[in-house]
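Colleague: Sharing a model prediction with you, sequence too.
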Protein chains: 2
Amino acid sequence: MTGAEYNRSVNFGPPRSFWTVLKSKLKETLMPDDPFRQFRNDPLGRRIIKTIQYFVPIFEWLPQYKLGFLKYDLLAGITIASLAIPQGISYANLAKLPPVIGLYSSFVPPLVYAIFGSSKVLAVGPVAACSLLIAENIGEKASPTEEPYLYLSLVFTATLFSGLLQTLLGLLRLGILVDFLAHSTITGFMGGTALLIILQQMKGMLGLKHFTQKTGVANVLEVIIHYRNEWNWKCAVIGIIFLIFLLATRLVKKIKPKLFFVSAVAPMVVVVAGCLFAYFAHAERYGITVVGPLKKGINQITVNRLNFDPKYIMAPLKAGLITGVIALVEGIAIGRSFALATNQQIDGNKEMIAYGVMNILGSFTSCYLTTGPFSKTAVNYNAGCKTAMSNVVQAICMVLVLLFMAPLFSYTPQVALSAIIISAMLGLIKYKKYYHLYKTDKFDFIICMSAFVGVSFISMDMGLMISIGLALVRALLYMARPATCRLGNIPDSNLFRDMEQYPGAKGVSGFLVLQLGSPIYFANASYVKERIMRWVRDENDLANSSQNDIEYVLLDLAGVTAIDLTGVETFFEVRRTLEIKGIKMILINPRLEVMEKLIVTNFIDKIGKESVFLSTEDAIDACRFQLKSSKQQNEESLHGC
Amino acid sequence: MTGAEYNRSVNFGPPRSFWTVLKSKLKETLMPDDPFRQFRNDPLGRRIIKTIQYFVPIFEWLPQYKLGFLKYDLLAGITIASLAIPQGISYANLAKLPPVIGLYSSFVPPLVYAIFGSSKVLAVGPVAACSLLIAENIGEKASPTEEPYLYLSLVFTATLFSGLLQTLLGLLRLGILVDFLAHSTITGFMGGTALLIILQQMKGMLGLKHFTQKTGVANVLEVIIHYRNEWNWKCAVIGIIFLIFLLATRLVKKIKPKLFFVSAVAPMVVVVAGCLFAYFAHAERYGITVVGPLKKGINQITVNRLNFDPKYIMAPLKAGLITGVIALVEGIAIGRSFALATNQQIDGNKEMIAYGVMNILGSFTSCYLTTGPFSKTAVNYNAGCKTAMSNVVQAICMVLVLLFMAPLFSYTPQVALSAIIISAMLGLIKYKKYYHLYKTDKFDFIICMSAFVGVSFISMDMGLMISIGLALVRALLYMARPATCRLGNIPDSNLFRDMEQYPGAKGVSGFLVLQLGSPIYFANASYVKERIMRWVRDENDLANSSQNDIEYVLLDLAGVTAIDLTGVETFFEVRRTLEIKGIKMILINPRLEVMEKLIVTNFIDKIGKESVFLSTEDAIDACRFQLKSSKQQNEESLHGC
């Protein structure tokens, strides 16, 4: 009786063809969500309509739009527009752009997103972190105060690059790249950026005339202290009042979530109050600076302003690529989490294309980088928006503001904007989350803190790269040192489980059952070999005292998802080393891909099909039977003598 | 009856402390081979001796040395010395160094290795690939012909850096870094380098006066063709004769492995024949160049020649680091494969220290980078060497040569050296291996070919980096898209296996059993979620026709070796999404580390301990029981009405 009869027919079927494997891999890598599955089994006409609806979602939701939705979308749209005005002016300020650019950026992009975007609740607008990154990167090549025209052109160019990158990533379905930004990295990066931005606002809060272009915490603190005789207490008092008001409205929202609109319109209230105060009290006299001229009129065409001069090109290119990716990550993460709340499916790759088109068209029409900011989206969701129509309402409101009311906002005091930004940024320093990370996963905590500290003390790019690097190192370490464990039989069952985890599990004498995990390939092949040999040595050390040597090493491969040639070579080496020690190697339950590789490399031929089993139980039964029959034979031959 | 009673006691014990986990992780990462295990349970005195023996292996093998070994070691030592002379001169030539440096490098380093090295069969000397890399890198800063003194100093400095790096990696036990060089990368790199080196030898073979410093295949071919009127047919004829002789001896060895010494001494025969010919036939007259002056005397101290001038430092630093790593990889790979043949255990990290010390001392004594070359080691092994004593014999032979015979070798014709190098390099272009890769693993083949083509057509550094980059991308893709599969019940058993692999396996109606693999963490968390939801959608599509909805999703976590916070968040999301669809999520057999993470993040509290089982069978039994009893209750309550 051979082992083969025992093993409830292990599948040794011929490997799948190269193209089958390639097709399945490409599909899993690039289209994990199987976007075209809905088109199957449809007649051609219907399929064409579905394809158009797939790429331009407005054709899907607009025909089904019910008048009953409009009430909700109107309310939500007006609410986010009231947030868009102060945010637009503030973030443009942060990006060192004329304030009107921030308003422009809440007009065209939301319209474009309403056409191409697939999220129902995402509200579009500029974001703080990217605004700061743009100022930092473009500021290196052109001064926003001395060469404002050049600076602005380069910002539009950077926006174009962001859009192109986003579209390209979406078309190539490289959403996978976004996956490599760990949550911990993003949390730390956002926190560090928030700290930087808060410090930058000290200029507005303290009414300083002099400030630094640099962003590092140490630099900014030094400058603030250096110019301490410029501090303007009147300015500070007003700022603190505004800030307390804003924080209080957020507290209200926290206590009574239904009153969310209180905090949603609060920034607008601050802006209006600030304007009125500045206008009537002649704030300029007390050294309180205001935003300054804001001219009427909607977005101008800026295609002709895109600047590809090789002298400057590197700055917008770098800024565009970095901010493009960050905007994607932020937008998609937010879109996904709200999609979860509304039980909706979001296709990351399609979203990328929507963002890309939005920013390309934005760069042609006086807008800078936009994405789906958390604050606006949350307000939109809470206001009960039903479809992307709320973005259209937002855009219409902005047009009205731009056409008729823009000059009124020129009285907005800087200090009001600073208070609005600080209040928004305070929410991004998630100390509770950091503590949670610290308690539950030290390595995640380090990844997060390296982004936080790196961003705030070195530079935004460096902080981000260090953190991504650490996360990748962790990923590679995971792979380089896959967990292996020794399995033992759980009494009164046919189950084999980790003996460390289940101390009650018993080893089977003469057998060493090991569970291997993860893909086995070049980065961990020599480790896997050494680990197996160490288990064997340890076991033999123990066994030596009880005269009970290992006869079989059983490798449970159920957790091994893939193997490369270096891995297979390792199996050959392990087999040979074990053979020298007189130990037989048995494989248990290799998965499809692993089995195929073992067959084409002739490893299965080498160890024999009778050494591969479907379960540990089968293997042990078969081996015991063999041991017994060989002993019997020995005895019989002895008797024969 | 709750599920908890069924699950043969899943272990929900409190997580291990942070330090326990850290200690175990550090041990697996840095000391996978558990080097100190032999010291346990020994008295102090014995432990000190063992520690010394551990770090300086000569104390281990010398006291046990038997006179019987000497015969073998003497023979092996003399044989490798006879190979060391032509190889030393050739490779020094390749590195554009005076030929005597090659001889020096086979004196001090073998002695040092005999003291610190742990391999019994490794034979030490310079290697071709690193020689070429050194010439390429140092040649950028100093010309070997115009500033020979500076060039030589920078080469010694590079050797020092290599040694320091190797020692440091060994002390920090960072052998793990070497694991990240895939076999396929090394195979391709060696092949590409061999091609480059062969082309370089056309200068010697064709007796060219002019040549290029560049290494790219295209460049070299262009130069060879450009100077075609310099081609010297006499030189070429002699070269081809030598080459045929060398290849013939290798054929002899292949047919009769016992006659290995024929091919081992063949290079020496070529050198001697070449010298005699050059001396008696006045070869110089026919335009056949010879090696030139080789002065008597042993290595000079070169500590004072190490050059740390910031103007040049980058070249030796870069050369030192790259060649240091490559030398390590080559040496350790060769050491390991011969250790396997002799059933010996080699500690990679300890070997690194031995190499490091060898190169540091080498750089002080007129030697350039050495490691364990394949050719020499194979000869040493075949000649029957027993211990590292053969390296000592090699060193003694080299001293004798340096003291008494060096000037004789000044007549060696360049063409003889070129023939020796070409014959050695031909063996490194492993076309059969490339074909094997192509047949068995297309991605490994691409990794290999990118190194081969990159090295031979772009540059050695670039080729190596492209290939390493591809291998890492593959590793990351493995992680980003872990294989999941749907499990079905194999008829007449309690086993659940992949339904694609085992088409006979049957799904259990109402249940969707999925097997997840690999660590679940930031790079694959969103994929895992989408994949699970896709399985659910696909299954429901099928089920819709048969009115048989999924009630439970069972996730088999046996193959999930680790999870990070993003991964846990994904589980929370999956659970929530399933809940909305009215599906219950069940976990099966989470491993120790995963279970700990699920407990500290309160995921287990959320889904309830009754939703975690030790086996799929248990889970299905329990769920069915629950379904049945809830139906009964419903019926009873109906009856009650």
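Modeller: Good, I have the coordinates.
Colleague: By proximity to chain B, which residue of chain A wins?
Modeller: residue A:559 (3.2 Å; Cβ to the nearest Cβ). Bear in mind the C-beta positions are built from the backbone N, C-alpha and C, glycine included.
Colleague: Now do the phi/psi pair for that residue.
Modeller: phi -90, psi 0 (degrees, to the nearest 10).
Colleague: Hmm, it is touching residue B:557, no?
Modeller: No. Using Cβ atoms under 8 Å, residue A:559 makes no contact with residue B:557, being 9.5 Å away.
Colleague: where along the stretch 251-400 of chain A do the strands fall?
Modeller: Counting by DSSP state E, counting those that start in this stretch, no segments of the stretch 251-400 of chain A form strands.
Colleague: cool, and the stretch 401-550 of chain A?
Modeller: A:485-489, A:496-498, A:511-517.
Colleague: and of those, who's closest to residue A:252?
Modeller: Comparing the strands of the stretch 401-550 of chain A by their distance to residue A:252 (Cβ to Cβ), the top pick is strand A:511-517, with 50.3 Å.
Colleague: Show me what the closest one is packed up against.
Modeller: strand A:485-489, helix A:522-546, strand A:552-559, helix A:616-640 (3 or more Cβ pairs under 8 Å, 6 or more residues apart in numbering or on different chains; DSSP states H and E).
Colleague: Show the model's pLDDT score for residue A:51.
Modeller: pLDDT, the model's per-residue confidence, is 81 for residue A:51.
Colleague: Tell me the gap between the helix or strand that it is a member of and the middle of its chain.
Modeller: Counting by DSSP states H and E, the element that carries residue A:51 is helix A:44-55. Centroid displacement of helix A:44-55 relative to its chain, using Cα atoms, centre = their mean, to the nearest Å, is 30 Å.
Colleague: and it, what other elements does it pack with?
Modeller: Packing partners of helix A:44-55 (3+ Cβ pairs under 8 Å, 6+ apart): helix A:58-61, helix A:348-364.
Colleague: Rounded mean pLDDT for the first one, please.
Modeller: Along helix A:58-61, the predicted confidence averages to a pLDDT of 88.
Colleague: what about the residue at minimal distance from the centre of chain A, which SS state?
Modeller: Most central in chain A under Cα atoms, centre = their mean is residue A:181, positioned 4.5 Å from the mean C-alpha point. Assigned with DSSP: H, G, I helix; E, B strand; the rest coil, residue A:181 falls in the coil class.
Colleague: list the contacts for the nearest residue to it once chain neighbours are set aside?
Modeller: Using Cβ to Cβ, 6 or more residues apart in numbering or on different chains and skipping the chain neighbours, the partner closest in space to residue A:181 is residue A:329 (5.1 Å). Applying Cβ atoms under 8 Å, 6 or more residues apart in numbering or on different chains to residue A:329 gives the contacts A:178, A:181, A:186.
Colleague: returning to that earlier point: so can I have JSON lines of the helices and strands packed on strand A:511-517 showing mean pLDDT?
Modeller: Formatted as JSON lines, the helices and strands packed on strand A:511-517 follow (pLDDT from 0 to 100):
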{"stretch": "strand A:485-489", "mean pLDDT": "91"}
{"stretch": "helix A:522-546", "mean pLDDT": "80"}
{"stretch": "strand A:552-559", "mean pLDDT": "92"}
{"stretch": "helix A:616-640", "mean pLDDT": "78"}
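Colleague: looking at those, which is buried most?
Modeller: strand A:552-559 (a mean of 24; mean count of other Cβ atoms under 10 Å in any protein chain shown).
Colleague: List the neighbouring strands of that strand plus their orientation.
Modeller: Applying DSSP bridges, strand A:552-559 is found paired with strand A:511-517 (parallel), strand A:584-588 (parallel).
Colleague: Just send those strands back as TSV, with mean pLDDT, distance to residue B:301 and mean neighbour count too.
Modeller: Shown next, in TSV, are those (pLDDT from 0 to 100; distance: least, Cβ to Cβ, whole Å; neighbours: other Cβ atoms under 10 Å in any protein chain shown):
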stretch	mean pLDDT	distance to residue B:301	mean neighbour count
strand A:511-517	90	52	23
strand A:584-588	93	53	22
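Colleague: end to end, how far does stretch A:60-73 reach?
Modeller: In stretch A:60-73, first residue to last residue: 17 Å (Cα to Cα, to the nearest Å).
Colleague: how close does residue A:559 sit to residue B:482?
Modeller: Here residue A:559 is placed at a distance of 10 Å from residue B:482 (Cβ to Cβ, to the nearest Å).
Colleague: quick one, what contacts the residue nearest to the residue of chain A closest to chain B when sequence neighbours are not counted?
Modeller: Excluding its sequence neighbours, the residue lying closest to residue A:559 (Cβ to Cβ, 6+ apart) is residue B:559, at 3.2 Å. Taking Cβ under 8 Å, 6+ apart as the criterion, residue B:559 is in contact with A:517, A:558-561, B:515-518.
Colleague: cutoff 6 Å now
Modeller: Listed by Cβ atoms under 6 Å, 6 or more residues apart in numbering or on different chains, the contact partners of residue B:559 are A:558-559, B:517.
Colleague: Can you tell me which of the contacts of residue A:329 is closest to residue B:510?
Modeller: When those are compared for distance to residue B:510 (Cβ to Cβ), residue A:178 wins out at 35.7 Å.
Colleague: Any part of the strand or helix carrying the closest one near chain B?
Modeller: Per DSSP H and E: residue A:178 is located in helix A:175-179. Yes. Using Cβ under 6 Å from any Cβ of the partner chain, helix A:175-179 reaches chain B at A:176, A:179.
Colleague: Following the chain onward from that helix, which element is next?
Modeller: As assigned by DSSP H and E, the chain's next helix or strand after helix A:175-179 is helix A:183-200.
Colleague: What is that next one packed up against?
Modeller: On a contact count with 3 or more Cβ pairs under 6 Å, 6 or more residues apart in numbering or on different chains; DSSP states H and E, helix A:183-200 meets helix A:128-138, helix A:414-426, helix A:442-453, helix A:460-480.
Colleague: make it 8 Å
Modeller: So helix A:183-200, by 3+ Cβ pairs under 8 Å, 6+ apart, packs with helix A:128-138, helix A:217-226, helix A:314-341, helix A:414-426, helix A:431-440, helix A:442-453, helix A:460-480, helix B:565-580.
Colleague: related to what we said a few turns ago, output the helix holding residue A:51 as CSV, restricted to C-alpha atoms.
Modeller: The C-alpha trace of helix A:44-55 is given here as CSV (Å, rounded to 0.1, in the frame of the first residue of the first chain):
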residue,chain,number,x,y,z
LEU,A,44,-24.7,45.3,-27.7
GLY,A,45,-26.9,48.4,-27.6
ARG,A,46,-27.4,48.1,-23.8
ARG,A,47,-23.7,47.4,-23.4
ILE,A,48,-22.7,50.7,-25.2
ILE,A,49,-25.1,52.7,-23.0
LYS,A,50,-23.7,51.0,-19.9
THR,A,51,-20.1,51.7,-21.1
ILE,A,52,-20.9,55.4,-21.5
GLN,A,53,-22.7,55.5,-18.2
TYR,A,54,-19.7,53.7,-16.7
PHE,A,55,-17.2,56.3,-17.8
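Colleague: Alright, I will stop here.
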